Each structure stands twice: as structure tokens, then as C-alpha cells.
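Novice: Here is my input; please provide its structure:
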Amino acid sequence: LFLEKLLNEDPFQLPPMDLKLAEESKEKSSVEEPPELELKELPSHLEYAFLEDSNKLPKISDIMGIDPRFCTHKILMEDDYKPAVQSQRKVNPKTHDLIKKEVIKLLDAGMIYPISDSPWVSPIHCVPKKGGMTVVANENNELIPTRLVIGWRVCIDYRKLNDATKKDHFPLLFMDQMLERLAGNELYCFLDGFSGYFQIPIDPQDKEKTTFTCPYGTFAYRHMPFGLCNAP
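Specialist: Numbering: from 1, shown residues only. Predicted structure coming up:
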């Protein structure tokens, strides 16, 4: 009662307000009813980049002010190198279809092209994709930990090519060097090294060095593949 009397006697008391209950909104969320989007054509300075599983995403292929010669991957050789032409290794018959699909996918994407006169030829082989661990009993009924194989990965053995290639000294900065360069800067931009594969063009003079052979022919890469020693 005292508080009510004090409020009533206050000369600076605010006028009474008429409060109304807010009506329940009947608008649907953007998840239930997404807005309509207008799809536009890809700009001329962008192109679709090849990724695994036939995904296609746009990327900037031509940055103004940068000479394309500095955006290519070069394979510089040692002075006393000898080209190596290796024959195809024995391939597990179970992986023939996998190799065929991989070659067709790369051909359709324009990543490789047929070649028959390259001084460098590297063999192709398949390695198992390792999954989790399990326990298998051997002949003596002993439980042996075994890693599960969940699939196969197509690889190219570039070891002889890498032995004859001049190695880049410090191609990527060490972490402490990177942190020193970042000091005092507000923005930090980086390129994903993994995304560089199959996107960075190979120098035209070095394309034939990436030649590989498989049961379905001999091909060379137009863009930087996995396995090269100076790749990111």
C-alpha cells in the first residue's frame, strides 16, 4: 500500500499505457518456405573446375595483373638425368573397372590426353583405402588385428621422375615464418593446397613428363596431379 501511494503521489509518474497482446505471426520461416532465387549465367572470367566425384564448382582462372607463366607447375630436371620408360605393372583384375572409370572421368574433364611418344612413362597401380580395425583369427586360432579395406585408390608411381627432378627449397613456409609475416596485418588470405591439384596447369614443355601407362592406354596430364615431388 505504501508503494502504491508513493507512485500515485509522484508528479513525474508516466501516463498509463494500454498494453496489447502481440498477435502470433503467421509468416513461415525461410527453411519451410525458401525464397525464390534467380540463377544467372556464369561470368566469362570464371570457369568450372574439376573435382572428385564429378563435382563442378566455379573458380577464378584468370587474375588480372598476374602473368599466366607464373601460375603453371614446372618440372625442372637435374643435369645428369636419364628419362625412364617403365612398363605397366601387373594389376589386380578386380581393379580394372576402377581404372577404366578413372581414366574416362579424367578424359571427360579434360585433365589428361592420349600420348604415345613420351620419354617419360610411369606405371599406374591401385592401393587400398584403409578403414577401421577388426580382429581376425588365423590358422592357429589366434586373434590378429587387421585393418579393413573399404575401397581402392588409383595412384601413379612417379618415384623415378621425382628422383630426377630438381627439388624446390622451402616451397611452403614453416609455421613460425608464417606467423612472423602475419604480425601487424589485419587480413590473412590463404589458398588451400589440396584444392590446387587438378587445377594448376602444367607447363606445356613438362606435360609429357607426367605420362602414365595403364591397361587402357598411355596418357599425360594437363593439370598438376598427385604424386609430384614439388606439388603442394
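Novice: Next, the buried residues of stretch 78-90.
Specialist: For stretch 78-90, the neighbour count (16 or more other Cβ atoms under 10 Å) marks Gln86 as buried. Backbone N, C-alpha and C define where each C-beta goes, glycine included.
Novice: Report the rounded mean pLDDT for that stretch.
Specialist: Stretch 78-90 shows a mean pLDDT of 89 in the predicted model.
Novice: got the CA positions of that stretch in CSV?
Specialist: Output in CSV follows, covering the C-alpha atoms of stretch 78-90 (Å, rounded to 0.1, in the frame of the first residue of the first chain):
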residue,chain,number,x,y,z
GLU,A,78,68.7,-32.4,-62.9
ASP,A,79,71.7,-32.0,-65.3
ASP,A,80,72.6,-35.7,-65.3
TYR,A,81,69.1,-37.2,-65.5
LYS,A,82,68.1,-40.1,-67.7
PRO,A,83,64.5,-40.5,-68.9
ALA,A,84,62.8,-43.6,-67.7
VAL,A,85,60.1,-45.5,-69.7
GLN,A,86,58.5,-48.0,-67.3
SER,A,87,56.2,-50.8,-68.3
GLN,A,88,52.8,-51.4,-66.9
ARG,A,89,52.8,-53.5,-63.7
LYS,A,90,50.5,-56.4,-63.0
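Novice: And for it, what's in contact with it?
Specialist: 118-125, 157, 160-161, 164-166, 213-215 (Cβ atoms under 8 Å, 6 or more residues apart in numbering).
Novice: Show me which strand runs longest in the chain.
Specialist: When the chain is parsed with DSSP state E, its longest strand is strand 122-137.
Novice: Can you list the buried residues in that one?
Specialist: For strand 122-137, by 16+ other Cβ under 10 Å, it's 122-126.
Novice: Repeat that for stretch 108-119.
Specialist: Buried residues in stretch 108-119 (16+ other Cβ under 10 Å): 109, 111-112, 115, 118.
Novice: and the longest strand of the chain, what other elements does it pack with?
Specialist: helix 96-108, strand 143-156, strand 212-214 (3 or more Cβ pairs under 8 Å, 6 or more residues apart in numbering; DSSP states H and E).
Novice: These into JSON lines, with extra columns for mean pLDDT and distance to Phe226?
Specialist: Formatted as JSON lines, those follow (pLDDT from 0 to 100; distance: least, Cβ to Cβ, whole Å):
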{"stretch": "helix 96-108", "mean pLDDT": "91", "distance to Phe226": "12"}
{"stretch": "strand 143-156", "mean pLDDT": "81", "distance to Phe226": "7"}
{"stretch": "strand 212-214", "mean pLDDT": "94", "distance to Phe226": "11"}
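Novice: if you compare those, which one is most tucked away?
Specialist: strand 212-214 (a mean of 23; mean count of other Cβ atoms under 10 Å).
Novice: all helices of the chain, in order?
Specialist: For the chain, applying DSSP state H gives helices covering 2-9, 96-108, 159-163, 175-182.
Novice: about what we covered before: from the buried residues of stretch 108-119, which has minimum pLDDT?
Specialist: Least confident of the buried residues of stretch 108-119 in the model: Ala109, at 87.
Novice: Distance check, that one against Tyr81.
Specialist: For Ala109, the distance to Tyr81 equals 30 Å [Cβ to Cβ, to the nearest Å].
Novice: And Leu148, by the same measure?
Specialist: Taking Cβ to Cβ, one finds Leu148 at 41 Å from Tyr81.
Novice: Over to Ala183?
Specialist: 42 Å.
Novice: again, but for Gln199
Specialist: 27 Å.
Novice: now do His73
Specialist: Distance from His73 to Tyr81, by Cβ to Cβ: 18 Å.
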